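>>> Okay, structure incoming, though there's no sequence with it:
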């Protein structure tokens with residue numbers, strides 16, 4: 001059998017639907033809307049054909065990701081799916097390896113995804129990132145948060161609301177390690193058939209300082225004619241604590257209607273336990289972990305500002321991407337890190353999984369050695385240049 005990977009065209013919409021709907025259990029009632037969505041995103045799919053028959057697909061989204069305050073081109077991979085007839089035959093793996101080549105060719109230096117099985121992607125060089133957490137609470141627990149003087153929080157819609165959302169989202173991304181900047185195509189996709197609600201907090205001068213995107217359903221609790229009242233916060237961004245408190249006060253005003261609010265606790269909301277009153281044990285749930293991978297060693301780890309001079313020569317092991325399977329020299333130049341291929345002798349060996357963990361700041365030296373992702377001499381300078389950090393992948397895809 002011969003497999004061949006190519007980028008999808010508008011003629012492949014039915015093939016994408018057939019594979020994705022089966023793999024993810026998408027109901028037939030969503031068929032028309034899914035095909036409509038493919039008019040916007042179909043060009044982002046790659047397809048692997050086996051003897052001319054479409055057998056596996058994956059979507060590749062173009063993002064910029066904040067990695068330690070530098071914006072780096074990142075390819076997000078989603079909707080990976082295959083037909084059951086050819087699963088466990090290596091065709092999805094071939095598809096992923098082809099996507100790596102395309103992303104590198106187009107200048108993308110890292111890739112992230114949400115795994116259907118972490119071991120499958122681990123075998124392709126991806127490494128787990130910290131899980132995000134979801135906080136669940138009754139809005140009565142926000143009773144201690146007052147509306148800041150002069151602030152208002154009101155529901156808004158339309159083009160002005162979308163522009164506010166874009167501007168505040170950009171501020172959040174530029175301040176958050178691991179966050180990703182949306183392309184205009186991505187914004188168009190998210191804004192089409194927008195059915196969520198939006199509340200905007202404005203200060204005394206009418207300037208927006210926070211926005212919350214959410215869904216709401218149900219009423220109260222214990223009514224046979226209605227499911228319990230719930231609010232699910234999809235997005236919550238702010239530029240000031242006053243703006244944030246205005247939104248939280250807005251949530252509190254739903255206390256007679258809503259019994260449960262769920263929202264993601266990001267790296268920007270580590271003080272969440274100070275929001276809540278009359279509660280002893282906040283309910284936190286860990287969400288599915290994301291995974292990340294370096295696609296280009298030199299470009300992904302260069303240009304970072306460094307506090308001290310140094311030089312490290314490392315042998316990188318990357319079985320999937322030949323260009324990374326090299327010896328590299330990490331050296332400071334004019335206060336920035338430079339990473340180039342080297343003919344020197346390396347006394348340290350790091351796998352691509354280990355190097356990705358160092359770049360994002362998720363594992364220390366002892367943890368890498370325990371996983372056999374680091375061997376030889378300690379690259380002490382590397383760990384000082386890339387200290388521990390907690391990335392937050394802000395986008396679902």
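Looks like it arrived, so ask away. Computed from a predicted structure; not experimentally measured. Numbering: from 1, shown residues only.

>>> Check the burial of residue 47 by counting its neighbours.
Neighbourhood size, residue 47 [other Cβ atoms under 10 Å]: 20. No exception for glycine: its C-beta is placed from N, CA and C like everyone else's.

>>> Need the contact partners of the helix or strand hosting it.
Taking DSSP states H and E as the criterion, residue 47 maps to strand 45-50. The contact list for strand 45-50 (Cβ atoms under 8 Å, 6 or more residues apart in numbering) reads 1-8, 12, 15-16, 54-60, 79, 86, 91-92, 94-95, 98-99, 102.

>>> Emit the ChimeraX select command for whichever of these are buried.
Buried members of the contacts of strand 45-50, defined by 16 or more other Cβ atoms under 10 Å, are picked up in ChimeraX with:
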select :3,5,8,12,15,16,54,55,56,57,58,59,60,79,86,91,92,94,95,98,99
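
>>> Show me what secondary structure element comes after the strand holding residue 47.
strand 53-67.

>>> Could you list the paired strands of that following strand along with their orientation?
Using DSSP bridges, strand 53-67 pairs in its sheet with strand 45-50 (antiparallel), strand 70-82 (antiparallel), strand 180-181 (antiparallel).

>>> how far is it from where the chain is centred?
In terms of Cα atoms, centre = their mean, to the nearest Å, the centre of strand 53-67 is set 12 Å apart from its chain centre.

>>> what's the average pLDDT for that strand?
Average pLDDT, strand 53-67: 96.

>>> Kindly report the same for stretch 167-182.
Stretch 167-182 comes out at a mean pLDDT of 97.

>>> Okay, strands next: where are they in the stretch 251-397 of the chain?
260-265, 283-286, 291-294, 311-317, 327-333, 336-341, 348-351, 374-376 (DSSP state E, counting those that start in this stretch).

>>> Need those in JSON lines (columns: mean neighbour count).
JSON lines is the format used below for the strands of the stretch 251-397 of the chain (neighbours: other Cβ atoms under 10 Å):
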{"stretch": "strand 260-265", "mean neighbour count": "19"}
{"stretch": "strand 283-286", "mean neighbour count": "12"}
{"stretch": "strand 291-294", "mean neighbour count": "26"}
{"stretch": "strand 311-317", "mean neighbour count": "20"}
{"stretch": "strand 327-333", "mean neighbour count": "18"}
{"stretch": "strand 336-341", "mean neighbour count": "16"}
{"stretch": "strand 348-351", "mean neighbour count": "20"}
{"stretch": "strand 374-376", "mean neighbour count": "18"}
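
>>> hmm, back to that, how about the strands paired with strand 53-67 in CSV, adding distance to residue 256?
Putting those into CSV (distance: least, Cβ to Cβ, whole Å) gives the following:
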stretch, distance to residue 256
strand 45-50, 46
strand 70-82, 39
strand 180-181, 37
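
>>> Which one of those lies nearest to residue 346?
For residue 346, the closest of these is strand 70-82, at 24.4 Å, according to Cβ to Cβ.

>>> ok, residues contacting whichever helix or strand comes after that closest one?
Using DSSP H and E, the helix or strand that follows strand 70-82 in sequence is helix 91-105. Residues from elsewhere that reach helix 91-105 (Cβ under 8 Å, 6+ apart): 3, 5, 7, 46-48, 50, 55-58, 60, 75, 77, 80, 82, 111, 123-124, 295-296, 320-321, 323.

>>> picking that back up, between the strands paired with strand 53-67, which one is nearest to residue 310?
strand 70-82 (18.8 Å).

>>> If we go by neighbour counts, what in that closest one is buried?
Buried-residue list, strand 70-82, by 16+ other Cβ under 10 Å: 72, 73, 74, 75, 76, 77, 78, 79, 80, 81, 82.

>>> how far does it sit from the chain's center?
From the chain centre to the centre of strand 70-82 is a distance of 9 Å (Cα atoms, centre = their mean).

>>> That strand vs helix 91-105, what angle?
Following axes from the mean of the first three to the mean of the last three Cα atoms, to 10 degrees, one obtains 160 degrees for the angle between strand 70-82 and helix 91-105.
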